[in-house]
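Chemist: curious how this folds, go ahead:
(2 chains)
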Amino acid sequence: MGEVTLLIGRARDGDRAAADVLFRTVYDDLRRIAGRQAAGNGSHGPGRTSLVHEAYFRLARPESLNVNDRRHFFAVAARAMRQIAVDRARERLATKRGGGAQETTLGAADDALADPGRLEGLLDLDAAMGALEAADERLARLVELRLFSGLLLEEAGELMGLSPATLKRDWRKARAFLHARLGGAELPDELGS
Amino acid sequence: MNSGADRDASLLRRFDELAELAADERLRQLAALAERDPEIARDLRGMFGADSDPDGPLESGVDSLVEALVADEGKPLLAGQRIGPFVLERPLGRGGMGEVWLAAREEGGFRQTVALKRLKRGMDSDEILRRFVQERRILADLSHPNIARFIDGGVGADGVPWYAMEYVDGTPITAHADAHALDVRARVGLLALVAEAVAYAQNRLVVHRDLKPSNVLVDAAGVPHLLDFGIAKLLQGNDDPQATATGVRALSPAYAAPEQILDQAISAATDVYALGVVLYEMLTGELPHVRSGLSLEALVDGVRHETIERPSVRLRASATTAGDAARTQNPRRAVSGELDAIVLTALRREPERRYASASAMADDLRRWLDGRPVRAQPDTATYRIRKFVTRNRLAVGSASAVLLALIAGFGTALWQAREAQLQAQRAEREAAAARETATRTRRVKDFLASVFMQEDPVRRDARGPLTMTEAFEDALARIDTEFADDPGLQGDLLDDFGEIVNSRGDHVRAKALFERALANAERARGMDDPAVAEALVNLASAYDNLGEMERAAPLLRRSIGILERQVPVDAPALANAVNSLAVSKRNAGDNTGAIVDMRRALDLLGGPQANGQAVAMVLYNLATALSDAGRIDEADPLARAAVAAIERDQGPMAAPLAIALTMLEAVAEREGDIEELGRLSERRLAIAQHNFPGDHPWKTVALTDSGWHMVETGRAAEGEARIREAIAAFDRTGDDDIGALSARRRLAQTLVRRDDLAGAAQVLDEAIANCRKDETLESMMCLTIRANRAHLAVRLGDAAGALAEADVVAAAMVRGFGAGIDEHAQAVEARAAALGALGRREEARAAQAEALAFYGQLYGETHRSTVRARERLEAL
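Modeler: Modelled structure (predicted):
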């Protein structure tokens, strides 16, 4: 238990090995919680907020974490969730390419998973976030928190210590960048002339 | 940053600038920019286009997709796919736990059809498989006409757990009763059968934990079959305190007993509760309470307060809804009274107030069916006794409290007795497996005995009696021929003999043996066998001993990989490998990596509070590694834990304490707690004397240390005697150079204290002569002694010589060990004293201030070394 708190501290101090162990721990725990919750809830998933929060309360001792540790934990959890989603999307696509398999049962959640276009879309988003990360690390972290940790935009901003104005500007910029990168609409020409 | 990232960064910057502008101004600037840099203008245009569009990829349900993926249970199953020994035929359905398929296997013309469940992914596969292995036999042994047999279970190639049960073609018990318009009697009869089946399992110590209509299927012949017996325990375990919140949700809240929702102990009475709910539902058509769709908090709260309406009352209230009139001919009368009592007894909130087991409940249902009086009473014995106690509180006194406790605890006690019985059964099965290995063990034992007894008269005649070493060599040679038929066993023996050779210090030969052991294990047992992992660890230790650390690490990593893949994981073996890797990393200078590994090893062993020598060893390693890394705050508690672990495991006089206590002494030293230091070194001496004979260096070192602490706490004469005794012992054996030097240094310090400066100088000169002889003049200990000798020279009037020596020593110290450590500070102080004596006051003060700063940094401002340094500065 205290181990994760220690790992967070060390990872923040730049200890690579500790950061790796921390990521691995959070990744595994999120997968496990997701599995358990999914097993209990029938067809639909548990939602990411509760996943990350449960991992947070299980792994870290919230009372012993300061603001920076908390931020670090959520950042790691968001990255882990992104990794889980991307790993699974790849796995799914590989299966489809391999066998052209048919879903045996379809629920609402499965529809999304059965659509290769959406899975590829997620992988494209992941790649675009990679480009964003290289250009502006903070923007990428913000998007990651918003999309993968289940935090609301305001909560993500608060966690990152951004003022409301900065948050608004950052989000707008990151969103425009990603949408443009993912083949969003181009500014129509007639307005440009 | 690559050029793409550079470009993107400038793109984002420009977006910021342009975003501030009004739309038309922005378009104007974009047009202007397009002249200079059409590419970036195009990209910016794209971004603003996306910006003005309220919809985009981020708004198109990334959330729900991620959610679905995270909850995804993996690749879809297909007919014809193989899982374990079974081939899937057609899907039967999908439940909370995962998918169910009809599957079959064929063996020797015999075809077995099963219901195969594949669990949702994300469950802890290793842990589940471990429990499968543990419980499989028990579950497979449940053989009852009303229990669907557990057939097999495992983890698929994709890491998803599955299990197979006897296939039952039937409908849930409630639906069956309604479909066949069964009357109350028939319904109770059906449930009595179910309760008897549950009782059968409980007698074999298996609790279902998840009884509900969908787990009780009735076939076309009207025979009920219980599914998933014991599975809930497999999936949740009963030893995971973390499972609380999620564990309940994996169950069906409507049928869960209060103790399951409140995360309290599970017992036979837990199944009784579920049977009560199913009976209630069969009698009234409704659940006794509304629980579905509630949050965990609401569930917990609800369970604490919920009251249950008698089935007959519920029937009256919902008389019209029971349109399935057949459920009951004149249902109310049939249900009221005794059946009410049976259901409510089963549904009591406190497990100890329900039927103690399914068997007791089945018995009462039979009584009802036979028209005999039932045992369940609205006014139960416990209740009456309680009332009696309340009325006669003073008179009854404590005896009745005991009686009450006995009655209340009876169900639990019974359960515990059965658990004990289960343990015994398990032990018996393990004994059978042990007999198998015993055969092999005997072979090895016979072999070893033959070596030392020299049964072969020809050989004895030829060579005469063999020495121990000869016998050993002889045996080693014979392993090759005598165990050629069993390369696995041969490998094990080579490995064992390698360990002996290794411990005798012949690492080259040990290495060769371990290499052969490894090859054998790989060939005989496969690349992924624990025996391979063990040989790898041993081979690595041989390399470590040979100083080839870089060759040890990859072997250990491979070993760890193998051990991590074992199910169940052999935690002590894995911890040993991880710890070995940590030591190897530390030897190679990677202290940080070593610390991470050691922590992992510690976790594997069950944390600092766990028992066993390995725990103490890892704690000791970890504490010293942390201490070396300067992470004192983390090191100290672990040092204490290491000492505590040894004491716990081996008693207060255990030999390893002779080393481990030095860690606590270092803590006391740093904290300046001289009294504690004295106590600890005294204890260490007693332990060393108790454990080691003759002039063992650990004993002599403890003699020196405790002697010095006596000197420091005012018992100078006694202390000096101890130190002199230690020096004599060191000189006798001549094998611990550093210990001997340290003892002489302490003696000199003692002599200085009683102003015998010449005597002290003589002792230090002896020590320095030894350093010169051993060519260790620049070792840490010798440099320290030289610094002390220089300091003494100042007082003996040779300030110029002292200054020259102090300068040489300080420089060597910085070169070899870095500036600012305690020993360096001592050299700087010697220099300050020499400068002071030479009248170079400003330089002297500067040097002393430097030393003072070192001490302050090392120990804080109030430590005695710091205080003494400050006094010296003031005196200059």
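
Chemist: packing partners for the helix ranked longest in chain A?
Modeler: Using DSSP state H to define each element, chain A has its longest helix at helix A:67-99. Helix A:67-99 is packed against helix A:2-12, helix A:16-41, helix A:48-59, helix A:116-135, helix A:137-148, helix A:153-160, helix B:62-70, with contacts defined by 3 or more Cβ pairs under 8 Å, 6 or more residues apart in numbering or on different chains; DSSP states H and E. The C-beta positions use only the backbone N, C-alpha and C, and glycine is treated the same way.

Chemist: in the very next helix or strand once past the shortest one, which residues are buried?
Modeler: The one in question is helix A:153-160. Once the chain leaves helix A:153-160, the next helix or strand it forms, by DSSP states H and E, is helix A:164-181. Neighbour-count burial for helix A:164-181 flags A:167, A:169-171, A:173-181 (criterion: 16 or more other Cβ atoms under 10 Å in any protein chain shown).

Chemist: between helix A:137-148 and helix A:164-181, find me the angle.
Modeler: Angle, helix A:164-181 to helix A:137-148, by axes from the mean of the first three to the mean of the last three Cα atoms, to 10 degrees: 80 degrees.

Chemist: angle of helix A:164-181 against helix A:153-160?
Modeler: Relative orientation of helix A:164-181 and helix A:153-160, computed by the same axes, to 10 degrees: 110 degrees.

Chemist: list the buried residues in the longest helix of chain A.
Modeler: If you call a residue buried by 16+ other Cβ under 10 Å, then helix A:67-99 has these buried ones: A:69, A:71-86, A:88-89, A:91-92, A:95-96.

Chemist: rewinding a little: so for B:Leu555, which of the helices and strands packed on helix A:67-99 sits nearest?
Modeler: With Cβ to Cβ as the criterion, B:Leu555 lies closest to helix A:16-41 of the helices and strands packed on helix A:67-99, at 19.6 Å.

Chemist: please identify the helix or strand for whichever residue of the stretch 501-650 of chain B sits closest to chain A.
Modeler: Of all residues in the stretch 501-650 of chain B, B:Val596 sits closest to chain A, at 4.6 Å by Cβ to the nearest Cβ. Element membership for B:Val596, per DSSP H and E: helix B:591-604.

Chemist: again with B:His208
Modeler: Assigned by DSSP H and E, B:His208 belongs to no helix or strand.

Chemist: next, count neighbours for it.
Modeler: When neighbours are defined as other Cβ atoms under 10 Å in any protein chain shown, B:His208 has 27 of them.

Chemist: flag the shaky bits of chain A, pLDDT-wise.
Modeler: Judged by pLDDT under 70, chain A has its weakly predicted residues at A:1-2, A:32-67, A:95-114, A:184-193.

Chemist: now do 80
Modeler: Scanning chain A for pLDDT under 80 picks out the ranges A:1-7, A:9, A:12, A:14-22, A:24-71, A:84, A:88, A:91-116, A:150-151, A:183-193.

Chemist: and the angle for the helix holding B:Val596 with helix A:2-12?
Modeler: Helix B:591-604 runs at 160 degrees relative to helix A:2-12, counting by the same axes, to 10 degrees.

Chemist: ok, and what's touching helix B:591-604?
Modeler: A:3, A:15, A:17-18, A:21, B:571-572, B:574-576, B:578-579, B:581-583, B:585-586, B:608, B:615, B:618-619, B:621-622, B:625-626, B:628-629, B:631 (Cβ atoms under 8 Å, 6 or more residues apart in numbering or on different chains).

Chemist: in it, which residues are buried?
Modeler: Within helix B:591-604, the residues scored as buried using 16+ other Cβ under 10 Å are B:591-604.

Chemist: does B:Val272 really touch B:Val343, like I thought?
Modeler: No. Contact criterion Cβ atoms under 8 Å: B:Val272 and B:Val343 do not qualify, at 11.0 Å.

Chemist: with neighbour numbers in mind, choose between the two.
Modeler: Neighbours were counted for B:Val272 and for B:Val343 using other Cβ under 10 Å; B:Val272 has more, 30 against 25.

Chemist: who's in contact with that one?
Modeler: With contact set as Cβ under 8 Å, 6+ apart, B:Val272 has these partners: B:346, B:354-358, B:360-361.

Chemist: output the contacting helices and strands for the next helix or strand after the helix holding B:Val596.
Modeler: As assigned by DSSP H and E, the chain's next helix or strand after helix B:591-604 is helix B:613-628. Contacts defined by 3+ Cβ pairs under 8 Å, 6+ apart place helix B:613-628 against helix B:571-587, helix B:591-604, helix B:632-650, helix B:657-671.

Chemist: alright, that wraps it up for me.
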